[in-house]
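Asks: turn this into a structure:
(2 chains)
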Amino acid sequence: MNNRENKEIVGNENYMRKLSDSIKNNFKQYVVLFILILMVVVLSIVKPIFLNTENVANVMRQVSINMVLAMGMTFVILTGGIDLSVGAIVATAGIICGGAMKMGMTIPTAIILGILTGVIFGAINGIVIVGFKLPPFIMTMAMMQMARGVGYLLTNGNPITTFPDAFIEISKGGIGGIIYYPILIMTGVAIISSVLLNLTKWGRYIYAVGGNVEAARVSGININLVTSLVYTYSGLMSGIAAVLLVSRVNAAQPQAGVSYELDAIAAAIIGGTSFSGGIGKIFGTVLGVFLVGIINNGLNLLGINIYWQMIAKGFVIMLAVIIDTMTNKKEQ
Amino acid sequence: MKKIVALIMGILLAVVFFGGCQTDTTSGESDTQNESADSEGTKYLIGFAKGTDTPWMAILEAALVAKADELGVELILTSAGSHADKQISDVESLLTQNVDAIIMNPIDREACGVIVDTIKEKGIPLVEVNTFTTNENYDVYVGSPEEQAGNLQAQWLINNIGATGNLCILYGEMGSSGQIGREAGLLEGLGITVDSEDTDKWIVLAAQTANWVRADAKRIAEDWLMAYGDQIDAICAQDDEMAMGALQAVQEKNLEDKIKVLGIDGMQESVISVGEGGQAMTALQDAVAQGETAIEVAVKLLNGEEVDKVVDIPFVEINETNYEDFLE
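Replies: Predicted structure coming up:
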């Protein structure tokens, strides 16, 4: 009896804390959402073509690769880690996918091989990080070198180009000529990621590990498994992104995907994912991806000087982190 | 744990060993080069310190070696694999082998300047090929000026589209010698600036950097097509990678008849595209001419002949009339 009452009290406290946490967490996302809406409104007044269906579809297609990568990155950052190998894995997975097609394999086989390459590289990241207690920064930085090295080794630095039309259709085609397949793919990936984080044990454990490793360990969570799966998931996302990229530019290149990890990290951070782990939402990252994409698109439509574009992007990231630290202070 | 450490050490050793073998083979090559030249009883011994290992540079090297054979010159080859410090030690080892002259393809404008002084202290001729150092104490630079590549694009625009039109420029990495030089050549050829609004001449609608990256170029071109549509007459990309990206965006909007895409570099994919009526033109640095001229210039210097400080090897324009000559 006593025990049960205790549980209820603890449960209530938990609930109250969760509620207030959720308001504070969502505050960040509301700010990003507000900035996003403000930008859309301003852009559509200054440059009405911005809201043209064709342009909206363009932006969606342009952000699709970063969207997929940012999903994996959000998982990783939620555990308090980082994945710097994303761009390099995209390049090499793309080469495997493209190379497989050139060797006469069917398109589905090539796609599966490409995605599998990403999964394998990601799994290696995860296993080494938990197995040898390597800081994720170091391991994924090493993987960034190794994966890209493999890409160069396989191609001798030369691009693999000209793929079957059916493969190009993955990025070019769509339903009704406007809902392109990449848009469907990124939407699917975002929904699955959100479900995994919110509705599965693994998702809850990710938050637990990122929030407080020791507490997670004490409560019996298999931290090694949770963590290594997170990097594998990021690898999976890199594999999917690789297929999208190769299809989009009709070329698999060892030098592709440079600094894609930075775009993915930026999107997650802008979207309110805390760099120290434990706090963040897929919805926030989705907003972050769109914010970066709309900045790129909008500034191009306005014909703004390129140096200003660099400054604008950097400024938004800085702003997002300032909001992040300010809300964290409030919590304390 | 010890076993794992041993395993890692083993792998590292193997890597070092094989790496070592590779350098051995290169020096082996140069030895045979030595011998074959020796048997013909030549007078000059020239060192070629190659900087990078690109496919393009391999063509230059082959042309240089063939020409050296023809001229009866002994050759020692080194390759720095894009590392400036390796190139410095390469040149030092060439100097200890008492070469009569050195041909160098400097990797870094600044860092390789040290080498120039070391060589000139020995009092032997130095020819720089393809790239050059900011240290101007070298004797001759043989290469293709970046400005000229941009200029070829400008000429193509004027000859094929006309004296006026609207243009978008896709820059390479901002501040790189290619970006600066090719832009200057293009604008000078058209007699305009990026901001000029003289409707009797070409007008730059937009200019943006895609950092030599195809995917970025495609994204930017898509945005331009939204903003300016078929107002655009041409997109000048500063290399073929970016040209391919822009071309894809143009083709997806079925605007390839209205908007011409120009590139530079003579990348094989672009040459094929030129043949298919996709990309309008590209320009190629002539690797064979650069290699042959470099060795000729070195021999001339050794013979005491006067050579201009800069020997320009023109870029070759590849367009629909001559693309077949450049298909591999």
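Asks: OK, contacts around the residue in the stretch 151-300 of chain A that chain B sits nearest to?
Replies: Each residue of the stretch 151-300 of chain A has a distance to chain B, by C-beta to the nearest C-beta, and the smallest belongs to A:N300, at 3.6 Å. Where you see a C-beta, it was placed from the backbone N, CA and C, and this is true even at glycine. Contacts were defined as C-beta atoms under 8 Å, 6 or more residues apart in numbering or on different chains; by that measure A:N300 touches A:309, B:206, B:208, B:220, B:223-224, B:227.
Asks: mind pulling up the pLDDT for it?
Replies: Confidence at A:N300, expressed as pLDDT, is 87.
Asks: in what helix or strand does it lie?
Replies: Of the helices and strands defined by DSSP states H and E, A:N300 is found in helix A:282-302.
Asks: where in the stretch 1-150 of chain A is pLDDT low?
Replies: Applying pLDDT under 70 to the stretch 1-150 of chain A picks out residues A:1-26, A:28.
Asks: got the residues of it near chain B?
Replies: If contact is defined as C-beta under 8 Å from any C-beta of the partner chain, the residues of the stretch 1-150 of chain A in contact with chain B are A:47, A:49, A:52, A:54-55, A:58, A:62, A:65.
Asks: most neighbours, which of those residues?
Replies: For these, counting by other C-beta atoms under 10 Å in any protein chain shown, the largest number of neighbours falls to A:I65: 28 neighbours.
Asks: helix or strand: which one has it?
Replies: helix A:53-78.
Asks: list the buried residues in that helix.
Replies: Neighbour-count burial for helix A:53-78, counted by 16 or more other C-beta atoms under 10 Å in any protein chain shown, picks out A:55, A:57-78.
Asks: go on, stretch B:310-328?
Replies: Within stretch B:310-328, the residues that count as buried by 16+ other C-beta under 10 Å are B:311, B:313, B:315-319, B:323, B:326.
Asks: got JSON lines for those residues, with secondary structure too?
Replies: As requested, those are exported to JSON lines (DSSP: H, G, I helix; E, B strand; the rest coil):
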{"residue": "B:V311", "secondary structure": "strand"}
{"residue": "B:I313", "secondary structure": "coil"}
{"residue": "B:F315", "secondary structure": "coil"}
{"residue": "B:V316", "secondary structure": "strand"}
{"residue": "B:E317", "secondary structure": "strand"}
{"residue": "B:I318", "secondary structure": "strand"}
{"residue": "B:N319", "secondary structure": "coil"}
{"residue": "B:Y323", "secondary structure": "helix"}
{"residue": "B:F326", "secondary structure": "helix"}
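Asks: now tell me which of these the prediction trusts least.
Replies: Ranking the buried residues of stretch B:310-328 by pLDDT, B:F326 lands last with 87.
Asks: if I look at the nearest residue to that one once chain neighbours are set aside, how far off is chain A?
Replies: Residue nearest to B:F326 in three dimensions, not counting chain neighbours: B:V271, with 4.8 Å by C-beta to C-beta, 6 or more residues apart in numbering or on different chains. Here the criterion is C-beta to the nearest C-beta, to the nearest Å. By it, B:V271 lies 12 Å from chain A.
Asks: quick one: the helices in the chain, in order.
Replies: In the absence of a named chain, this looks at chain A. All helices of chain A, identified by DSSP state H, fall at A:2-46, A:53-78, A:86-102, A:107-131, A:136-155, A:165-172, A:181-199, A:201-211, A:213-218, A:223-249, A:260-270, A:282-302, A:306-331.
Asks: you answered for a different chain; I wanted chain B.
Replies: Using DSSP H, the helices of chain B run over residues B:2-39, B:55-71, B:84-96, B:113-122, B:146-160, B:177-190, B:214-228, B:240-252, B:268-275, B:287-302.
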